[in-house]
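**Q** need a 3D model of the sequence below.
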Amino acid sequence: MQDRTVTFDLLPAEIEQLTGASPVGPQQAFHRKLADQLRDGSRVTLDFCELGELVWYVSSGETNFQIRLRRAFVRSLYTLLSAPLDRPDLLR
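**A** Model (predicted):
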């Protein structure tokens, strides 16, 4: 089975939400994944497991990191989840 990924192109204000202090605990590893990808641009690519982790973090808590993560990805997640099924270009 081919690995599926989703790519998000973040806006400067969204990237700024992710450049704050690094969280502690399990959120720290996820933050590092995002920060490493954003070091060279505005694009974040997640596999489906990481996408699930993103959705879980933005929907399950109110830590400072989760709030910033929600602000960074709300536009992109809304676009992805409301896209018509005939847009396979949104899933790579």
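
**Q** okay, now the unreliable bits of this protein?
**A** Scanning the chain for pLDDT under 70 picks out 1-3, 83-92.

**Q** what segments of it are strands?
**A** Listed from the start of the chain, the chain has strands (DSSP state E) covering 5-9, 43-47.

**Q** quick check: longest helix of this structure.
**A** Longest among the helix segments of the chain by residue count, using DSSP state H, is helix 64-81.

**Q** any idea how far it is from the middle of the chain?
**A** 7 Å (Cα atoms, centre = their mean, to the nearest Å).

**Q** hmm, back to that, take the strands of the chain and lay them out in TSV including mean neighbour count and distance to S76.
**A** Using the backbone N, CA and C atoms, a C-beta is placed for each residue, glycine as well. Converted to TSV, the strands of the chain look like this (neighbours: other Cβ atoms under 10 Å; distance: least, Cβ to Cβ, whole Å):
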stretch	mean neighbour count	distance to S76
strand 5-9	15	4
strand 43-47	16	9
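
**Q** can I get those strands in TSV with distance to T79?
**A** Output for the strands of the chain, formatted as TSV (distance: least, Cβ to Cβ, whole Å):
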stretch	distance to T79
strand 5-9	9
strand 43-47	14
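
**Q** out of those, nearest to L81?
**A** Closest approach to L81 among the strands of the chain (Cβ to Cβ): strand 5-9, 10.6 Å.
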